[in-house]
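Trainee: Below are the sequence and a predicted model; questions follow.
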Amino acid sequence: MDGVIFNLRRLNSTSIIMELLAHDLLYADDCALAAHSLEDAQTITDCFAEAAAHFGLTVSIKKTEVIKQARPCGLASSGNITINSAPLKAVDSFYYLGNMLFDATLDTKIKYLLSRASSAFRRLQQRL
């Protein structure tokens with residue numbers, strides 16, 4: 001009761017809880033930005049480029065790619081993401097951390113994985 005072991009005043013304190021949504025995934029020199037709309041993607045991209053410039057880094061326009069996932073109704077958003085008014089290349093798939101990322105369709109991913117497995121088995125055939 002003297003507060004040495006248990007501080008009872010701490011139980012009466014209020015907590016501040018924040019909900020935070022991850023918009024970027026950083027690993028070494030790679031970064032993946034995620035957004036729900038084209039406008040949000042442009043805002044996040046601008047903030048990222050500005051933060052990079054603040055630390056003396058530059059974002060390579062040649063290496064930066066954009067992949068758009070179609071909405072459930074089947075319509076993909078139109079428009080381009082830009083960095084310093086330079087448009088980024090839109091692609092259907094790209095490599096990120098050693099994995100091929102597609103436009104979120106399982107058919108394309110399954111075909112890709114089957115072709116990789118098939119080529120691995122073909123290489124093993126010479127040894128068996």
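Mentor: Done, it's in. Numbering: from 1, shown residues only.
Trainee: From now on I want contacts and neighbour counts done on CA atoms only, so please keep to that.
Mentor: Noted.
Trainee: how about the strands of the protein, start to end?
Mentor: Taking DSSP state E to define them, one finds strands in the chain at 24-27, 30-33, 65-67, 82-83, 86-87, 89-91, 94-96, 99-101.
Trainee: tell me which strands and helices the third one is in contact with?
Mentor: Contacts of strand 65-67 with other secondary structure elements, assessed using 3 or more C-alpha pairs under 8 Å, 6 or more residues apart in numbering; DSSP states H and E, are made with strand 89-91.
Trainee: and the biggest helix by length in the chain, which residues are buried?
Mentor: In the chain, taking DSSP state H as the definition, the longest helix is helix 106-125. For helix 106-125, the neighbour count (16 or more other C-alpha atoms under 10 Å) marks K109 as buried.
Trainee: per-residue confidence averaged over it?
Mentor: The average of the pLDDT scores along helix 106-125 is 82.
Trainee: Restricting to C-alpha, output it in PDB.
Mentor: Taking C-alpha atoms only, helix 106-125 is exported to PDB below (Å, rounded to 0.1, in the frame of the first residue of the first chain):
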ATOM      1  CA  LEU A 106      -4.200 -16.000 -58.500                       C
ATOM      2  CA  ASP A 107      -4.200 -17.400 -62.000                       C
ATOM      3  CA  THR A 108      -1.100 -15.500 -63.000                       C
ATOM      4  CA  LYS A 109       0.700 -16.300 -59.800                       C
ATOM      5  CA  ILE A 110      -0.200 -20.000 -60.100                       C
ATOM      6  CA  LYS A 111       1.100 -20.100 -63.700                       C
ATOM      7  CA  TYR A 112       4.300 -18.400 -62.700                       C
ATOM      8  CA  LEU A 113       4.900 -20.800 -59.800                       C
ATOM      9  CA  LEU A 114       4.200 -23.900 -62.000                       C
ATOM     10  CA  SER A 115       6.600 -22.700 -64.600                       C
ATOM     11  CA  ARG A 116       9.300 -22.200 -62.000                       C
ATOM     12  CA  ALA A 117       8.700 -25.600 -60.500                       C
ATOM     13  CA  SER A 118       8.800 -27.200 -64.000                       C
ATOM     14  CA  SER A 119      12.100 -25.600 -64.900                       C
ATOM     15  CA  ALA A 120      13.600 -26.700 -61.500                       C
ATOM     16  CA  PHE A 121      12.500 -30.300 -62.200                       C
ATOM     17  CA  ARG A 122      13.900 -30.200 -65.700                       C
ATOM     18  CA  ARG A 123      17.300 -29.200 -64.300                       C
ATOM     19  CA  LEU A 124      17.100 -32.100 -61.800                       C
ATOM     20  CA  GLN A 125      16.300 -34.600 -64.600                       C
END
